[in-house]
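A.B. asks: what follows is a predicted protein model with its sequence.
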Amino acid sequence: MKFGKSILQNSIPEWRSLYIDYRSLKMYIKNMLKENEGATAIDPEHPSVKAFEERLELEIDKINGFFSTKEQEAIDKSTELHNQLAHLQDQIEALGEKGAKLGRSVRDLTSSRGVWSEGNGASPSLTPGDTSVELNVLPSLDGPACPMASPSPASPALSSPIFSSPSVSTKSLLSPGPAISSVVKKTKAYKNVLSKFKLKGKGAVRVETIKHAMQTLEKAFLEFYRLLILLRNYQVLNYTGFNKILKKADKRSGLMLKRKYINTIDSLHFHTTQHVNEMLSTTEEAFARGFHSGNIFEAKRLLRVPDEHDKTHHTISFLNGLMLGMILMLTLVIVGAVFTASSTYFPRPREVYNVYAAMGLPLLFFWALGFDEVIWTRFSVNYAFIFEFDPRRPNSYHKYFEAVSILTLMWVASIAVYVWTATGTFPLPLEATLRPELQPLVLLGIFFLILVCPFNWFYRKGRLWLLNVLGRIAAAPFVAVKFKDFFFADQLSSLTLFMVSLQFTVCFYAYDVWRPEDQGRCWQVNSYVSPFVSFLPYWFRFMQCWRRFHDSKHDRVHLKNALKYFLSMLVTLFSGLDANITLQHTTAMSPLRIVWFIVSAMAASYALYWDLTHDWGVLIRVPNVTAISNGAEKHQQPRTRQLWGWTLRQRRMYVRPWPYYLAIFLDVIFRFLWPLTKSVSQIGSVLQNWQLVGILGAVEIMRRCMWNLFRLENEHLNNVGKFRAVRDIPLPFGSG
């Protein structure tokens, strides 16, 4: 693989703009050769050569500066983590002094300050002020070069008070040290003892707090180690890039540019520093002692992130193709049987259709989400980081499609069994004992058991992740809201018809299926209950906005977002009133229907505006650019196309502009169809063809699929702008 493609594949998406611009430097070399075409030798003073050298120096400044900044952040984080471990020791000691219920084992661990006085004496007191380091990083691209003129192997960070102090060396700062090591070494023992505490009252609360602190610190160590791995890869990749581009320049031009610059590059801090390697080894040691009884091999296995770039998925792809073929074959058989058999053969067709729709709509949603995942992977949108997936257990979209294919095959097979038992096409073992309309209940029970199965089977971690997110959505506003929480709460709002159909399914199998068809009551009950079910996703999302408003110290953008969901709740409210009051008495236009129409138009218009300017961020305001010319202000029109003061943003992951214009056009259509999917009661009363309800649900899922693509892109670009490549785990103890 060529290095230009290799650096794109192996670079961190959030830092991509701060890697060596290999492609641009190659263009400078081509331009150098083009301008000196026909010359026997290229003049080192030629403007094209100088342009290449200037751009190379800018790249060196950029990379050295950014690495120095991130390295210093890592040093500060290392110190903070070790101080947190020291604070944890103090908390355990205070807990051990409180009562005899903690047991002798804990008192033996925490009875004296001897833990802190082994080796070189007391633990060093590192305050935030001690770790402050001034760096000359990220210089202006038009300013002077980084320390190239007088290169020194020493890091700018080594001039800080910490590194210059004779009492605290670099190694002692980056490693746990005697004092810290004593804490880390005994953390496993504390963990084992604390798990056996059976205290009541304040003591129990204190123990639970310490347990939570230890779990949080373990997560913080995992994220910190990942940051160190990213920094080391950043070093290696960029140093390799400089070597390759200088070698290419020498080969193509005949100039000795590598001899001129390689010594300078070799002496720069991003190449000479060993702090990252030291922190990697000491973090592995600390993690092993603290959480795995000193087992360094187990610690390394859990800390290190596997490389998924070269992993193949041939077996999974084959199985997915096999299952898709079976799904297609069964679908053709079902369609043929339905169209050739009389409708009287199928018992309760309307009810069974709704039950299968209740299970089919989420499957369609999962397929759409899988195709979103393929596009995100193709265009390097780091969705795994945004959704907080564990990078040490990566799940590719191949495995995701495998799970969805299995569930879809089960769904289609269940429909086939219903058709065959109803028509008597094939003799089946359960035909004599299980009525055809009960076949969907069997499938529903299987799906439910798969979802809640506690055993390590059928993607257990993925199922637990999904259940955790759903629980956090339902708990709003009592828990802090993360991106994955409000993102999947938005997904629920597109599954309103699924939720209504699921509510009908529960009613049908609890009451109607055991009675004659003309005595069923679920359709009538559904018209009253469905507005409340449709109301729930918007209520969850509304409360999340209020929680984010509180946590962000009253950022009003969350109130503006809450207005969108408040209008959606009004749509469902007036839809239910219109369906249960107006449609039961008259079919003429009524005040309630007029209000529903107005509120629906307002909700759709506001949601469209919010999509384009906030959730997607594809449209931005055109700034009023002015320039001073001969003492007078002169207005400059931007070069991009604009519509009523809005223009398409310049930073785009999907590169070409046409997908964005197409998405804007489709969003206008989908958004004004969107109120219909929220007005389930009205649809059921007005549209006598009940199959159209499922069709509208499928259209809404397609809209959500498109929405997801640009929402994740916008969030990814926000992370890129802040160079945020790892999660920031809130530490359990304050810094003060």
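C.D. replies: Cool, the structure landed.
A.B. asks: measure the closest residue to residue 265 other than its chain neighbours to residue 261 for me?
C.D. replies: Using CB to CB, 6 or more residues apart in numbering and skipping residues adjacent in sequence, the residue nearest residue 265 is residue 242, 5.3 Å away. Heads up, the C-betas are built off the backbone N, CA and C, glycines and all. Using CB to CB, to the nearest Å, one obtains 8 Å as the distance from residue 242 to residue 261.
A.B. asks: what sits in contact with each of these two?
C.D. replies: Common contacts of residue 242 and residue 261 (CB atoms under 8 Å, 6 or more residues apart in numbering): residue 60.
A.B. asks: who are the neighbours in contact with the residue nearest to residue 265?
C.D. replies: 20, 59, 60, 261, 262, 265.
A.B. asks: quick check: the first one touching residue 241?
C.D. replies: Going back to what we said before, that points to residue 20. Yes: using CB atoms under 8 Å, residue 20 makes contact with residue 241 at a distance of 3.9 Å.
A.B. asks: so what sits against both of the two?
C.D. replies: Common neighbours of residue 20 and residue 241 (CB under 8 Å, 6+ apart) are residue 7.
A.B. asks: quick one on the thing from earlier: which one of the contacts of residue 242 is nearest residue 383?
C.D. replies: Nearest to residue 383, judged by CB to CB, of the contacts of residue 242 is residue 20 at 25.7 Å.
A.B. asks: local confidence estimate at the closest one?
C.D. replies: Per-residue pLDDT puts residue 20 at 90.
A.B. asks: need phi/psi at it.
C.D. replies: phi -60, psi 130 (degrees, to the nearest 10).
A.B. asks: can I assume the residue nearest to residue 265 sits in a helix?
C.D. replies: Yes: counting by DSSP: H, G, I helix; E, B strand; the rest coil, residue 242 falls inside a helix.
A.B. asks: work out for me the element the residue nearest to residue 479 when sequence neighbours are not counted sits within.
C.D. replies: Excluding the flanking residues, the one nearest residue 479 by CB to CB, 6+ apart is residue 472, at 5.5 Å. Here residue 472 is covered by helix 460-474, with elements defined by DSSP states H and E.
A.B. asks: residues contacting the residue nearest to residue 479?
C.D. replies: Contacts of residue 472 (CB under 8 Å, 6+ apart): 479, 481, 482, 485.
A.B. asks: would CSV of these with neighbour count, distance to residue 390 and secondary structure be doable?
C.D. replies: Below are those laid out as CSV (neighbours: other CB atoms under 10 Å; distance: CB to CB, whole Å; DSSP: H, G, I helix; E, B strand; the rest coil):
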residue, neighbour count, distance to residue 390, secondary structure
479, 14, 20, coil
481, 23, 21, coil
482, 16, 15, coil
485, 24, 17, helix
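A.B. asks: report the two of these separated the most.
C.D. replies: Checking the contacts of residue 472 with CB to CB, the most distant pair is 479 and 482, at 9.0 Å.
A.B. asks: okay, residue 257: pLDDT?
C.D. replies: pLDDT, residue 257: 85.
A.B. asks: give me the number of residues near it?
C.D. replies: Residue 257 is flanked by 21 other residues according to other CB atoms under 10 Å.
A.B. asks: start the count at 191 instead of 1 going forward.
C.D. replies: Sure thing, new numbering starts at 191, so read that last one as residue 447.
A.B. asks: skip the chain neighbours and tell me the closest residue to it.
C.D. replies: That would be residue 439: by CB to CB, 6+ apart, it lies 5.0 Å from residue 447.
A.B. asks: wait, that neighbour sits on residue 445?
C.D. replies: Yes: applying CB under 8 Å, one finds residue 439 in contact with residue 445, separated by 6.7 Å.
A.B. asks: of these two, who's got more company?
C.D. replies: residue 439 (25 against 21).
A.B. asks: without its sequence neighbours, what residue ends up closest to residue 580?
C.D. replies: Spatial nearest neighbour of residue 580, chain neighbours left out: residue 651 (7.7 Å); criterion: CB to CB, 6+ apart.
A.B. asks: likewise residue 636?
C.D. replies: residue 600 (6.8 Å).
A.B. asks: likewise residue 234?
C.D. replies: Leaving aside its sequence neighbours, residue 234 sits nearest to residue 445 (CB to CB, 6+ apart; 6.1 Å).
A.B. asks: wait, is that neighbour part of a helix?
C.D. replies: No: applying three-state DSSP, one finds residue 445 to be coil, outside a helix.
A.B. asks: who's in contact with residue 669?
C.D. replies: Contact partners of residue 669, counting by CB under 8 Å, 6+ apart, are 662, 675, 737.
A.B. asks: report pLDDT for it.
C.D. replies: Residue 669 is assigned 91 on the pLDDT scale.
A.B. asks: for it, grab phi and psi.
C.D. replies: Main-chain torsions, residue 669, degrees, to the nearest 10: phi -130, psi 150.
A.B. asks: can you tell me which residues contact residue 521?
C.D. replies: By CB under 8 Å, 6+ apart, the contact set of residue 521 is residue 602.
A.B. asks: circling back to that earlier point, in what helix or strand does the residue nearest to residue 636 lie?
C.D. replies: Element membership of residue 600 [criterion: DSSP H and E] is helix 587-613.
A.B. asks: quick check: next helix or strand after that helix?
C.D. replies: Assigned by DSSP H and E, the successor of helix 587-613 is helix 629-642.
A.B. asks: buried sites along that following helix?
C.D. replies: For helix 629-642, a neighbour-count test (16 or more other CB atoms under 10 Å) marks 629, 630, 631, 633, 634, 637, 640 as buried.
A.B. asks: and the angle for that helix with helix 650-664?
C.D. replies: Counting by axes from the mean of the first three to the mean of the last three CA atoms, to 10 degrees, helix 629-642 lies at 90 degrees to helix 650-664.
A.B. asks: list the contacts of helix 629-642.
C.D. replies: The set of residues external to helix 629-642 that reach it, using CB under 8 Å, 6+ apart, is 542, 545-546, 548-549, 597, 600-601, 604, 607-608, 611, 624, 648, 653, 656-657, 695, 699.
A.B. asks: pull the CA atoms of it into CSV?
C.D. replies: What follows is helix 629-642, C-alpha atoms only, in CSV (Å, rounded to 0.1, in the frame of the first residue of the first chain):
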residue,chain,number,x,y,z
GLN,A,629,-47.3,-18.1,15.5
PRO,A,630,-46.3,-14.4,15.9
LEU,A,631,-46.5,-14.8,19.7
VAL,A,632,-43.8,-17.6,19.6
LEU,A,633,-41.5,-15.3,17.6
LEU,A,634,-42.1,-12.4,19.9
GLY,A,635,-41.3,-14.6,22.9
ILE,A,636,-38.0,-15.7,21.2
PHE,A,637,-37.0,-12.1,20.5
PHE,A,638,-37.7,-11.1,24.1
LEU,A,639,-35.7,-14.0,25.5
ILE,A,640,-32.8,-13.1,23.2
LEU,A,641,-32.9,-9.5,24.3
VAL,A,642,-32.8,-10.2,28.1
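A.B. asks: tell me the angle that helix makes with helix 587-613.
C.D. replies: Calculated by the same axes, to 10 degrees, helix 629-642 forms an angle of 160 degrees with helix 587-613.
A.B. asks: so where do the strands sit in this protein?
C.D. replies: 809-811, 815-819, 822-826, 832-833, 836-838 (DSSP state E).
A.B. asks: and the first one, what does it pack onto?
C.D. replies: Same thing as strand 809-811. strand 836-838 (3 or more CB pairs under 8 Å, 6 or more residues apart in numbering; DSSP states H and E).
A.B. asks: what pairs with the strand it packs on, and is each one parallel or antiparallel?
C.D. replies: strand 809-811 (antiparallel), strand 832-833 (antiparallel) (DSSP bridges).
A.B. asks: and these, which one averages the lowest pLDDT?
C.D. replies: strand 832-833 (a mean of 55).
A.B. asks: show the pLDDT at residue 515.
C.D. replies: According to the prediction, residue 515 has pLDDT 94.
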